[in-house]
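Undergrad: build me a structure from this.
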Amino acid sequence: MKLKHNQSLVDTLNMLVKIENKRALDKIAAGVNIDIVMQELSNRIMDKLYHLEIEEIKKNIQYNYNAENSKKLYEENYLNKSSPKSDHMNEDY
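TA: Sure thing, here's the model as predicted:
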């Protein structure tokens, strides 16, 4: 489920709860145990709520990571500053 452009999160959640309530009532009418249906209802609503929130967070994150710059800094700070080879080591190793 996605937020529509002009729809608030509260409106979306109200619609979601109505849909999930209807689904739960249909299952109860079909003879499914009420405890199981209620657990599924709460799980489905929470999963969808988390999904909506995570999608909103992802949209608003600014990602400024530069991999090439990070590699360059790593080489300068660690790889190029390695200790000299031991005297007993020769070029064949």
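
Undergrad: let's verify the residue nearest the centre of the chain: helix, strand, or coil?
TA: In the chain, the residue lying closest to the centroid (Cα atoms, centre = their mean) is residue 54, at 5.8 Å. With DSSP: H, G, I helix; E, B strand; the rest coil as the basis, the three-state label of residue 54 is helix.

Undergrad: so where's this structure shaky on pLDDT?
TA: Scanning the chain for pLDDT under 70 picks out 1-5, 82-93.

Undergrad: which parts of this structure are helices?
TA: 9-29, 34-60, 67-74 (DSSP state H).

Undergrad: would you turn the ones you listed into TSV with distance to residue 80?
TA: For every residue, glycine as well, the C-beta is placed using N, CA and C. Below are the helices of the chain laid out as TSV (distance: least, Cβ to Cβ, whole Å):
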stretch	distance to residue 80
helix 9-29	50
helix 34-60	37
helix 67-74	10
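
Undergrad: so residue 49 makes contact with residue 14?
TA: No - applying Cβ atoms under 8 Å, one finds residue 49 not in contact with residue 14, separated by 11.9 Å.

Undergrad: these two: which has the busier surroundings?
TA: More crowded of residue 49 and residue 14, by other Cβ atoms under 10 Å: residue 49, with 16 against 11.

Undergrad: cool, thanks, talk later.
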